[in-house]
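J.: how would this look folded up:
(2 chains)
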Amino acid sequence: RKEVEQDPGPFNVPEGATVAFNCTYSNSASQSFFWYRQDCRKEPKLLMSVYSSGNEDGRFTAQLNRASQYISLLIRDSKLSDSATYLCVVSPLRYSTLTFGKGTMLLVSP
Amino acid sequence: DTAVSQTPKYLVTQMGNDKSIKCEQNLGHDTMYWYKQDSKKFLKIMFSYNNKELIINETVPNRFSPKSPDKAHLNLHINSLELGDSAVYFCASSQPGLDREERQETQYFGPGTRLLVL
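T.: Okay, the predicted model is just below:
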């Protein structure tokens, strides 16, 4: 089983749609969880951290289910500018490596 | 005001050559990293330095040697380049600290160096 698994997509959605991405991780010792966003030919950038209680940042909501080792990202009211690859990232410890999923590609069309 | 910068942005070279990639961060972070993103877009850690000391060295060939002259710089030297080294190399930095849930700190990435070995 891969350490971090994501559906590669692409997810093609119209503007204004709601879209959800899921991610599963294999290391039960994982402590830190993030969603990063990577635009084509650019560097990954932090989108949001994922806290145990779940968190929301504007149109974006992240949830963590430790029992199922599952992380989700919900994007409401999709914008054209949301088109990117969304990377699920986990890490067991401080100073430890970040383990990246291969990413889920989102394409938002007019 | 680039937080994490890398040079060069593009590097095209022949097999067997030796090349270096430089990374600098002006964020005052103590920890720096090198990642490799291959053609399948899979991003994988190579090295991590904390305050100029190597703390993580994933399984990479000895041909890759990181050097940290000070905590703001982490350079990557590659000897005897091979075709399979072609990839995008990202430098990143972070500041150790605990957030509200005592977790890993955010990493900030440089723009990447696109290496093509012919």
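J.: what about the strands in chain B?
T.: Under the criterion DSSP state E, chain B contains strands at B:4-7, B:10-13, B:19-25, B:31-37, B:43-50, B:53-57, B:64-70, B:73-78, B:87-94, B:108-109, B:113-117.
J.: Same list (those strands) but as TSV, adding mean pLDDT and distance to residue A:81.
T.: Placement of C-beta: from N, CA and C, glycine included. Formatted as TSV, the strands of chain B follow (pLDDT from 0 to 100; distance: least, CB to CB, whole Å):
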stretch	mean pLDDT	distance to residue A:81
strand B:4-7	96	23
strand B:10-13	97	26
strand B:19-25	97	27
strand B:31-37	93	22
strand B:43-50	89	22
strand B:53-57	78	34
strand B:64-70	92	35
strand B:73-78	96	32
strand B:87-94	94	22
strand B:108-109	92	19
strand B:113-117	97	24
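J.: Residue A:21 is nearest to which of those strands?
T.: strand B:43-50 (16.6 Å; CB to CB).
J.: Can you give me the buried ones in the closest one?
T.: B:43-50 (16 or more other CB atoms under 10 Å in any protein chain shown).
J.: Quick one: list the elements packing against it.
T.: Where contact means 3 or more CB pairs under 8 Å, 6 or more residues apart in numbering or on different chains; DSSP states H and E, strand B:43-50 is packed against strand A:99-100, strand B:31-37, strand B:53-57, strand B:64-70, strand B:73-78.
J.: Give the pairing partners of it; include direction for each.
T.: strand B:31-37 (antiparallel), strand B:53-57 (antiparallel) (DSSP bridges).
J.: And the contacts of that strand?
T.: The contact list for strand B:43-50 (CB atoms under 8 Å, 6 or more residues apart in numbering or on different chains) reads A:44, A:87, A:95, A:97-100, B:30-38, B:54-58, B:60, B:64, B:66, B:68, B:71, B:74, B:76, B:90, B:96.
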